[in-house]
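>>> One predicted model, sequence on top.
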Amino acid sequence: MKPCRTIPPRRTTMTNYDKARSSILEKINVLEAVEQPLMDCIGQVLAEDVYSEYDLPQVDSSAPDGYAVRSVDIMRASKANPAILQIIETVRAGSLPKKKIRSGTAARIMTGSALPKGADCVVRFEDTDEPADKNGPNSGNPSEVKVYLRVAPGSNIRKAGSTIAKGALVLPKGALIGPAQISALTANGKNRIRVVRRPVIAVISTGDELIAAGRRLSPGKAYDCNSAAIASLISHYGGIPMVLGIARDNEESVSAMMRKGAMADAIITSGGVSKGDYDLIRLVIGKIGELHFSRIKMGPGASFAFGQTHGTLEGGTGGPIPVFALAGPPSGCLINFETLVRPALLKMLGYTKIKHATVKATALDSLPDRKAIAFVKWSKLHDSRGEYRVKLNCSEETGTLASMAMANSLTIIPEGAKVEAGDRIQVLPLDWCLGPVHQD
């Protein structure tokens, strides 16, 4: 395969994409811990080590359904010469045995049931004359059982504490809570745990041309699709969106909306960061806080700015609030979120692994020579017999909605690079896209 060729970068005052990402993460802090119901913690990060308060299982118990016996009583058992034992009781799951196993006796026992005293092994039903059909003519309450197999001491027994011992670490601080972790914690009796809390993110769209979905669209107007898209991404990655609405193209409206957003843990705006006469976001950020950088060497999505509000802002949380000013066109807006906001959101949540997983894929088409910026394409990733191939099939227009809806990945072309069909390139699969990685 041919490698990507690089073009000498041109001089620019825009911030390098990698530098912008690093600069943002340096200014983001992990949020504080809260205690909450276990079932509300999916996708959150454990804020403390959790240790077992019990031995699990608490007592020696049976691994299969079978008969609890003394191994010495069945040491010569075979199909031709079965050991015949008297059944003295049935031990069901959740109940404790009442009788001790003595010479020549056995107890029917269910999986997970406590082992009776005197028994040192369990014989599976399959190795006895236990009827397979519990409702058949030979079923009922037999008084004795024939054992056809010799079983060694300790066989088919779960020892107390074999799953986890009292005082053992169940989950370490920093563990991501998913279904398996919920199971482990619940098995240890936990119904509340301490986790890094979910960030509340204020969402603001800007522009006199925007109206809310559901209203009649008139000439010169456009529906505010960015707020809904941003809010859904915040929820997808574990945050809590607080949609504040649409700020109009005047400083008072933008400032009032952003001051209202200061009650959240972060503010995300869309639009109002390009070079137009009414693009006021950067101005307002500078007045209510500090603008760290504006415009990045990336396309689509070059119109991105990042700053922080002052900690003394009325109604705020008491500390600087990060402000992410995303591009207005929907494609650039979502690309800004996925590449620059997502890592910051995950860091707030306490994630330690925040770098997006990428795969190596063969380009199926070419991209022309680019300017000295990182270029991002909505792309379609295919798994062709175990080898990834990627179709860079999206329009060059920043706001193309159809290409976004059909894509399942982003392909980031480094600064100064171009791509030809057959090149091996890095592709970033999007787990929130409905389109799967198709197999040919």
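Okay, I see it. Predicted model only: the values in this text are computed from it and were never measured.
>>> Can you read off the backbone torsions of H382?
Dihedral pair for H382: phi -120, psi 140, per degrees, to the nearest 10.
>>> Ok, V390 next?
Phi and psi for V390, reported as degrees, to the nearest 10, are phi -130, psi 130.
>>> got it, and A83?
Dihedral angles (degrees, to the nearest 10) for A83: phi -90, psi 130.
>>> Please apply the same query to I281.
As for I281, its main-chain torsions (degrees, to the nearest 10) stand at phi -60, psi -50.
>>> May I have the residues that are in contact with it?
Contact partners of I281, counting by CB atoms under 8 Å, 6 or more residues apart in numbering, are T206, V254, T269, G271, G272, V273, A305, A325. The way it works is simple: take the backbone N, C-alpha and C, and place the C-beta from them, glycine included.
>>> Which of the residues you listed are buried? Put it as a PyMOL command.
In PyMOL syntax, the buried subset of the contacts of I281 is picked out as below (16 or more other CB atoms under 10 Å):
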select buried, resi 206+254+269+271+272+273+305+325
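>>> Just the contacts of I281: which are in strands?
T206, T269, A305, A325 (DSSP state E).
>>> which one of these sits closest to L96?
For those, the residue nearest L96 by CB to CB is T269; the value is 63.3 Å.
>>> Now do the contacts for that closest one.
Taking CB under 8 Å, 6+ apart, we find T269 in contact with I204, S205, T206, A247, M258, I281, V323, F324, A325, L326.
>>> The residue lying closest to the fourth one once chain neighbours are set aside: how many residues sit nearby?
Okay, so that is A247. Among residues not flanking A247 along the chain, M257 sits closest, at 4.1 Å (CB to CB, 6 or more residues apart in numbering). The number of residues packed near M257 is 21, by other CB atoms under 10 Å.
>>> M257 touches M242, doesn't it?
No: between M257 and M242 there is no contact under CB atoms under 8 Å: 11.6 Å.
>>> ok, now how distant is M263 from M257?
12 Å (CB to CB, to the nearest Å).
>>> Spit out the residues that contact the two alike.
Where contact means CB under 8 Å, 6+ apart, no residue is in contact with each of M263 and M257.
>>> Now for the nearest residue to A344 once chain neighbours are set aside: which residues touch it?
Spatial nearest neighbour of A344, chain neighbours left out: I28 (4.7 Å); criterion: CB to CB, 6+ apart. Counting by CB under 8 Å, 6+ apart, I28 touches P322, A344, K347, M348.
>>> can I assume the second one is in contact with V323?
Right, A344. No: if you go by CB under 8 Å, A344 and V323 don't touch, sitting 11.1 Å apart.
>>> between those two, what contacts are shared?
Shared contacts of A344 and V323, counting by CB under 8 Å, 6+ apart, come down to A266.
>>> Settle it for me: which of these two has more neighbours?
Set A344 next to V323 and count neighbours by other CB under 10 Å: V323 wins out with 27 against 20.
>>> Adjacent strands (with direction) for the helix or strand the more buried one falls within?
Here V323, judged by DSSP states H and E, is contained in strand 322-326. Counting by DSSP bridges, the strands paired with strand 322-326 are strand 266-270 (parallel), strand 305-309 (antiparallel).
>>> of all the ones you listed, which gets the most neighbours per residue?
Mean neighbour counts were taken over the strands paired with strand 322-326 using mean count of other CB atoms under 10 Å, and the top value, a mean of 29, falls to strand 266-270.
>>> After that one, which helix or strand is next?
helix 281-288.
>>> Could you tell me the angle between that next one and strand 305-309?
Going by axes from the mean of the first three to the mean of the last three CA atoms, to 10 degrees, helix 281-288 is angled at 20 degrees with respect to strand 305-309.
>>> then helix 281-288 to CSV, C-alphas only?
Provided in CSV are the C-alpha atoms of helix 281-288 (Å, rounded to 0.1, in the frame of the first residue of the first chain):
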residue,chain,number,x,y,z
ILE,A,281,-19.3,34.6,21.1
ARG,A,282,-15.6,35.3,21.3
LEU,A,283,-16.4,38.9,22.4
VAL,A,284,-18.7,37.8,25.1
ILE,A,285,-16.3,35.1,26.4
GLY,A,286,-13.6,37.7,26.7
LYS,A,287,-15.9,40.0,28.7
ILE,A,288,-17.2,37.3,31.2
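>>> How far away from the center of its chain is the next helix-or-strand element following it?
The helix or strand immediately downstream of helix 281-288 is strand 289-294, counting by DSSP H and E. Counting by CA atoms, centre = their mean, to the nearest Å, strand 289-294 is centred 31 Å from the centre of its parent chain.
>>> tell me which residues in strand 289-294 are buried?
Going by neighbour count (16+ other CB under 10 Å), the buried part of strand 289-294 is G289, L291, H292, F293, S294.
>>> Same check on stretch 239-257?
Buried residues in stretch 239-257, counted by 16+ other CB under 10 Å: 239, 241-244, 246-249, 253-255, 257.
>>> Repeat that for stretch 26-42.
For stretch 26-42, the neighbour count (16+ other CB under 10 Å) marks I28, L31, A33, L38, C41 as buried.
>>> returning to what we had before: let me know the closest of the buried residues of strand 289-294 to Y388.
F293 (33.7 Å).
>>> Excluding covalently adjacent residues, which one is nearest to that closest one?
Computed as CB to CB, 6+ apart, the closest residue to F293 that is not its neighbour in sequence is T15, at 4.5 Å.
>>> What separation do you get for the one you found and Y351?
24 Å.
>>> same deal with V273?
The gap separating V273 from Y351 is 27 Å, by CB to CB.
>>> and if you look at S255?
Where Y351 is concerned, S255 sits at a distance of 33 Å (CB to CB).
>>> same thing with S384?
To Y351, S384 is 32 Å away according to CB to CB.
>>> So for those two, which sits in the more crowded spot?
Using other CB under 10 Å as the criterion, S384 and Y351 rank with Y351 on top: 19 against 13.
>>> Would you agree the more buried one is in contact with L176?
Yes: counting by CB under 8 Å, L176 is a contact partner of Y351 at 7.3 Å.
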